[in-house]
Structure formats: C-alpha cells, structure tokens
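# Turn this into a model:
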Amino acid sequence: MGLFYTVTRAALKAFFCGCYRHTVTFESDISFQSGAIIAPNHTSFLDPPLVAISWPEEVYFFARASLFTNPLFGSLIRSLHATAVTAASKDFFRVAADLLQAKKTIVIFPEGTRSVNGALAELKNGVSLIAIKNNVPIVPAYIDGAVAAWPRNKKCPSFFGQRTSCTFGVPLFPDQITVESDHSKDVHATLTDKLQGALIRLQSQRRIP
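Coordinates of the predicted model:
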C-alpha cells in the first residue's frame with residue numbers, strides 16, 4: 001500500500017472502531033490468484049470507507065463525478081483509490097478491466113445507488129458482466145449499521161450511538177456458474193441471481209441487533 005493510503009486507512013479504522021465499534025467477519029479464504037470484485041450492499045456514504053478499512057489489502061472504487069466537488073470529501077475518496085466515472089460509460093468497464101488484469105481488488109455496488117430505506121434492491125448485471133469477462137471472483141459483502149449512522153436523507157452522519165459491521169461472504173467464481181433450467185436466463189443473469197441470494201443470506205445473518 002502507498003503511504004498516504006495506509007495513513008488514511010489507519011485513521012479511518014481508528015475512527016470507525018472508536019465511534020461505531022466496527023467489526024469484520026470473513027466466511028471464507030480470500031486469497032486469490034487474480035483480481036477480485038467486492039460486491040457490497042449500499043445504504044450510506046459510509047460504505048466505501050467501511051469496506052476499505054475492513055478488507056486486508058488495498059481496494060479500488062468507482063464514484064460519480066459529483067462526489068468530487070467537495071474538496072475535503074473528494075480528497076478523502078481519492079486517497080482511497082476512488083475513480084470518477086459514469087457507471088454506463090465505456091470508461092467504467094475499461095478501468096475496471098485494467099485494474100482486474102493488474103490483479104487489484106475493486107469494489108462495485110451492484111445495486112447501482114444507495115438504498116432509500118436500507119432494504120436490498122434488485123441487483124444490476126454490471127458486476128456479473130465484468131466478473132465473467134475478466135474471469136475473476138465476486139465477493140459478496142454485507143455492511144450493517146451504516147444506514148443508521150448516516151442515512152440517505154441526512155446531510156451529516158451520527159458519530160456515536162450506532163454500531164457497524166462488514167461481513168464478507170463465500171466468493172462466487174464465474175467459471176463455476178452453470179445456467180439454470182430456466183432458459184430465459186443467461187450466465188450473467190444466473191450469476192447476478194446467485195449474488196443477490198448471497199447478499200440476502202448475509203443480511204439474514206446480520207451481526208448487529
């Protein structure tokens with residue numbers, strides 16, 4: 001890790017552990033020979049830094065350009081390897097592929113945007129498309145507590161009185177996915193369904209009461 005990333009990550013980890021008693025759980029081995037995609041639920045602006053401090057190696061994010069207009073927040077997310085792209089643009093897929101081919105771990109929120117009420121929305125196929133094209137595993141991740149600490153309808157987070165956790169589930173490998181008997185679905189849709197099921201399972205096992 002670079003020095004600035006390491007220092008920023010350590011400071012954020014101290015902050016989240018101090019304010020929110022943040023905890024991390026891994027359900028499986030996360031040692032990969034290739035790049036990987038972390039696919040978390042998305043309810044809050046706190047989600048990216050929570051993933052960054054929870055994953056043992058450096059991770060790379062994608063963020064909409066408007067998030068970089070605030071100089072302080074923009075500097076923070078840049079220090080955590082955030083790249084401004086449009087989700088539907090060719091740049092998004094190109095940058096993702098370049099990072100994965102360099103054996104980096106990237107974070108993509110498969111819902112596409114933050115949840116309004118904290119509920120898990122229907123996933124888009126983008127994560128599956130990128131995983132299959134680059135033959136890399138998808139790691140489902142469930143972030144708990146972030147929506148209570150900083151919901152979408154508030155301008156600032158609550159700094160105390162909440163708890164957060166991040167659980168990384170069993171990886172999904174594209175080359176192990178077989179299309180179900182439902183012929184209306186291709187391998188991309190099947191992988192997306194399995195990711196949705198994995199996130200629902202992690203949500204049902206949430207570790208914060």
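# Can you pull out the residues in contact with the helix or strand where C19 lies?
Secondary structure from DSSP states H and E places C19 in helix 3-20. With contacts defined as Cβ atoms under 8 Å, 6 or more residues apart in numbering, helix 3-20 is touched by 1, 22, 49-50, 52-53, 58, 76, 79-81, 145, 149, 159-160, 162-164. C-beta: built from backbone N, CA, C; applies to glycine.
# Just give me how far that helix sits from the chain centre.
Distance of helix 3-20 from its chain centroid, counting by Cα atoms, centre = their mean, to the nearest Å, is 17 Å.
# Any chance you could give me it in CSV, C-alpha atoms only?
Provided in CSV are the C-alpha atoms of helix 3-20 (Å, rounded to 0.1, in the frame of the first residue of the first chain):
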residue,chain,number,x,y,z
LEU,A,3,1.9,5.7,2.4
PHE,A,4,-1.0,8.1,2.0
TYR,A,5,-3.5,5.3,1.6
THR,A,6,-2.0,3.4,4.6
VAL,A,7,-2.2,6.5,6.8
THR,A,8,-5.7,7.5,5.7
ARG,A,9,-6.9,3.9,6.1
ALA,A,10,-5.4,3.6,9.6
ALA,A,11,-7.0,6.9,10.6
LEU,A,12,-10.4,5.8,9.3
LYS,A,13,-10.1,2.5,11.0
ALA,A,14,-9.4,4.1,14.4
PHE,A,15,-12.4,6.4,13.8
PHE,A,16,-14.9,3.7,12.9
CYS,A,17,-13.7,1.4,15.6
GLY,A,18,-13.9,4.2,18.2
CYS,A,19,-17.2,5.7,17.1
TYR,A,20,-19.1,2.7,15.8
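# Buried residues of that helix, list them for me.
Buried residues in helix 3-20, defined by neighbour count with 16 or more other Cβ atoms under 10 Å: T8, R9, L12, K13, F16, C19, Y20.
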